[in-house]
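Asker: sequence? don't have it. structure:
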């Protein structure tokens, strides 16, 4: 420790930039470990350790979320899909992915966005959502029946492949679109039907996740299996249980599915809930 | 209070029109010729060519002899028209009323000018000089440097702009009191009288406005022709009494003749970029945006190709417009090489929206417009928008409308029903086009299904529900029997039998 008063906390250390090197030290030589330690000691008040950088993200409790309106699912997700996060909903056909998607859309477009589990600031007005649909599988009639306000949904019927990613990226760049869905679940198009469709490079997911974080947009990816890897902060896997037919003659009433939380920033991995999709939607709050 | 008229004058319009389209020749010795061949006249020469001794009215051969490295371009009517229209756009960016002057054919045939209403501009600008400076600066930004004069009539403003061309400041603001003194010593050549009248006046020794006004009026029309009276009126500062009009059309055009025909998309992209860029700049001057592009192509061998390229929302984004245009051309390429390109657009106001203090803000309308246009370029025309459920029973009872979400301040017409709606079915995941299926039927109902989407024994079946319609149309008639099936592989599908095509198909999966 050098003698004399300590430097002020925010004062820059006095490092002689152009001073001649000490005797015996070659000009341009690397500074010794002791000198680096001394410099870091002086700067310690101004530098933050690496793990605190993560803290620059908005606290989880304060983040606005997009709930589904399905109690069991929202409880698993801690209130819904948070803005700024990339989330994934995976599962095979008839596992309820699309029903859950419509529930999320209905909640968003009719004003169910909650603020940290509380009431939304507007309390009644719906927000905009975008659906990137490379499989051309979005059914407007079914979405309307699920309570989605179609006027607030931007439907992009893009072709499969990289255009879908470009489309999603472009939507994420648009401020004011808080909820974007990329539907990569198999559709009727041959290239979209096969689960082994062209692999999306990890760098593309990184880019999408960063865009979503930068514009505070909730990006939800629907797919047959996990696609986004570690870039997905929330992964919800749906496992089909059974379909309920009722009455005579029988009528399809609802689909029962098991939702398993695979990944979540708050933990709780492996927690699951049995959800009935179809006839058990909670009615969305009426606009106005 | 007398009206105030500003005149923006470009003395060498053919040269400037050429340089707008070919900015790479800005520093080169360049002349614009009246036609092909060595005997064609030079109608405009660049400063570099003038420095080498080239003058207007030289023949191309003389100009080449004076300047060996000379570039010669032939005057293009399309570029000339676009440059003149740009002058009007510049004028309209600063005044609501403006008129483009028709092309003249005399001594000043190479000049282009536009008149605009400058009355009351001191409410917006500190002085007429400041207004003229702003006008001149805008013209220079569009590649049309010139001169500006402000006076009480069109003819005086034009003369003031012409007079200033001999040197000095490019701005000239004449107060009403100073106009007579300004006009008196002017040479009559500035009025560009017709040859017969000019010869007659020269014979009489009349060379200036002062000389002309001294002539007795009686019998002047009989001796010198009716043009003499009109000339006197202009010499007294009187011009057309009609007021300048507000433009009624916002249709703008940029066009170009290509020196060599282009048959590849990549080089065509460079040409289109220039055209679209200039069109966007002109639309921006008028505060408008582009909602659709009308592309007209003149093809090698005399053919023509015309197409309309729609956009999802008005935009001025060059990247989006270029992408949409090249996409349209790559999807349906013209059948021959391209010799002439013309782009037209009807300017429309950009999207605006009144935001609300108490509702979450939506996207910026202009940014949303750019996004929509770019998405349409990626997805294709008519494949981006708000989904709509159409009110009929056709299997394809959906559409895509323009994405214009309701805002907080607009009245929502949505009726809120007091009764609880029936619970919805599990969501349907549409298969477009429907997948063909092989189906085994037992007892009138499907018992086994094999397709790319599902395969196995039928566990539960509900249906059929028959839908028919359009029986009067051979192409559109349909008759479908729908079944909801649970298959042993776990999937729940919507199967239908098409009575018209006599096929089984899966048109959706409950998911």
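Answerer: Right, received. Where do you want to start? Source: prediction; values computed, not measured. Numbering: from 1, shown residues only, chains lettered A, B, ... in the order given.
Asker: how about the contacts made by whichever residue of chain A sits closest to chain B?
Answerer: Closest contact between chain A and chain B, by Cβ to the nearest Cβ, is at residue A:176 (3.2 Å). Where you see a C-beta, it was placed from the backbone N, CA and C, and this is true even at glycine. Contact analysis of residue A:176 by Cβ atoms under 8 Å, 6 or more residues apart in numbering or on different chains lists A:128, B:361, B:362, B:363, B:364, B:367, B:368.
Asker: going by neighbour count, which of those residues comes out on top?
Answerer: residue B:368 (25 neighbours; other Cβ atoms under 10 Å in any protein chain shown).
Asker: assign it to helix, strand or coil.
Answerer: helix (DSSP: H, G, I helix; E, B strand; the rest coil).
Asker: tell me the one among the contacts of residue A:176 nearest to residue B:250.
Answerer: residue B:368 (22.2 Å; Cβ to Cβ).
Asker: and that closest one, how far is that from chain A?
Answerer: Distance of residue B:368 to chain A, given as Cβ to the nearest Cβ, to the nearest Å: 6 Å.
Asker: hmm, that residue is touching residue B:351, no?
Answerer: Yes - contact criterion Cβ atoms under 8 Å: residue B:368 and residue B:351 qualify, at 6.9 Å.
Asker: which neighbours do the two share?
Answerer: Joint contacts of residue B:368 and residue B:351 (Cβ under 8 Å, 6+ apart) are residue B:313.
Asker: show me where pLDDT drops low in chain A?
Answerer: A:1-31, A:44-62, A:112-125, A:187-198, A:279-288 (pLDDT under 70).
Asker: domain parsing for chain B?
Answerer: Here the domain assignment for chain B is B:5-180, B:184-244, B:255-349, B:428-510, based on automatic domain parsing.
Asker: what's the least confident stretch among those?
Answerer: The stretch with the lowest mean pLDDT among the domains of chain B is domain B:184-244, at a mean of 82.
Asker: can you give me the end-to-end distance of that one?
Answerer: End-to-end distance for domain B:184-244, by Cα to Cα, to the nearest Å: 26 Å.
Asker: now stretch A:168-183
Answerer: Across stretch A:168-183, first to last residue, Cα to Cα, it's 10 Å.
Asker: now it, how far from the chain's geometric center?
Answerer: 11 Å (Cα atoms, centre = their mean, to the nearest Å).
Asker: quick one: the strands in the stretch 1-150 of chain B?
Answerer: Along the stretch 1-150 of chain B, counting by DSSP state E, counting those that start in this stretch, strands occupy B:5-10, B:30-33, B:42-45, B:71-74, B:98-100, B:112-117, B:147-151.
Asker: tabulate these (CSV), appending mean neighbour count and distance to chain A.
Answerer: Below are those laid out as CSV (neighbours: other Cβ atoms under 10 Å in any protein chain shown; distance: least, Cβ to the nearest Cβ, whole Å):
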stretch, mean neighbour count, distance to chain A
strand B:5-10, 27, 39
strand B:30-33, 26, 41
strand B:42-45, 23, 44
strand B:71-74, 17, 40
strand B:98-100, 20, 36
strand B:112-117, 26, 38
strand B:147-151, 27, 41
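Asker: can I get those in CSV with distance to residue B:475?
Answerer: CSV is the format used below for the strands of the stretch 1-150 of chain B (distance: least, Cβ to Cβ, whole Å):
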stretch, distance to residue B:475
strand B:5-10, 58
strand B:30-33, 57
strand B:42-45, 59
strand B:71-74, 53
strand B:98-100, 51
strand B:112-117, 54
strand B:147-151, 63
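Asker: hang on, the earlier thing: min pLDDT across the contacts of residue A:176, which one?
Answerer: Note: of those, the lowest pLDDT belongs to residue B:361, at 63.
Asker: give the residue farthest from the middle of chain B.
Answerer: residue B:443 (65.5 Å; Cα atoms, centre = their mean).
Asker: residue closest to the middle of chain B?
Answerer: Geometric middle of chain B (Cα atoms, centre = their mean) lands on residue B:345, at 3.6 Å.
Asker: hang on, isn't that one packed against residue B:276?
Answerer: No - the pair residue B:345 and residue B:276 does not pass the contact test of Cβ under 8 Å, sitting 9.2 Å apart.
Asker: can you pull the residues that touch both of the two?
Answerer: residue B:293.
Asker: quick one: contacts for the nearest residue to residue B:20 once chain neighbours are set aside?
Answerer: Spatial nearest neighbour of residue B:20, excluding adjacent residues (Cβ to Cβ, 6 or more residues apart in numbering or on different chains): residue B:143 at 4.6 Å. Listed by Cβ under 8 Å, 6+ apart, the contact set of residue B:143 reads B:16, B:19, B:20, B:23.
Asker: which ones are touching the second one?
Answerer: Put plainly, it is residue B:19. B:25, B:26, B:30, B:46, B:143.
Asker: do the first one as well
Answerer: Residues near residue B:16 by Cβ under 8 Å, 6+ apart: B:10, B:83, B:143, B:144, B:145.
Asker: what's the local residue count around the nearest residue to the last one once chain neighbours are set aside?
Answerer: Taking Cβ to Cβ, 6+ apart, and ignoring the residues beside it in sequence, residue B:145 has residue B:139 as its nearest neighbour in space, at 6.5 Å. Residue B:139: 24 surrounding residues under other Cβ under 10 Å.
Asker: so residue B:139 sits right up against residue B:146, yeah?
Answerer: Yes - with contact defined as Cβ under 8 Å, residue B:139 reaches residue B:146; the gap is 5.6 Å.
Asker: any shared contact partners between the two?
Answerer: B:8, B:10.
Asker: against which helices or strands is the strand or helix carrying residue A:98 packed?
Answerer: Using DSSP states H and E, residue A:98 sits within helix A:97-109. Counting contacts by 3 or more Cβ pairs under 8 Å, 6 or more residues apart in numbering or on different chains; DSSP states H and E, helix A:97-109 is packed against strand A:64-66, strand A:86-90, strand A:129-132, helix A:140-145, strand A:179-183, strand A:218-223, strand A:234-246, strand A:272-277.
Asker: go again using 6 Å as the cut-off
Answerer: Where contact means 3 or more Cβ pairs under 6 Å, 6 or more residues apart in numbering or on different chains; DSSP states H and E, helix A:97-109 is packed against strand A:129-132.
Asker: quick one on the thing from earlier: ok, now how distant is the residue nearest to residue B:20 from residue B:82?
Answerer: Per Cβ to Cβ, to the nearest Å, residue B:143 is found 11 Å from residue B:82.
Asker: those helices in the chain, which residues are they?
Answerer: Since no chain was named, I'll use chain A. Applying DSSP state H to chain A gives helices spanning A:33-43, A:71-77, A:97-109, A:140-145, A:162-173, A:190-193, A:202-215.
Asker: wait, chain B
Answerer: B:13-21, B:47-51, B:60-66, B:77-92, B:128-141, B:154-164, B:179-183, B:195-203, B:209-214, B:220-224, B:227-235, B:265-285, B:318-331, B:365-379.
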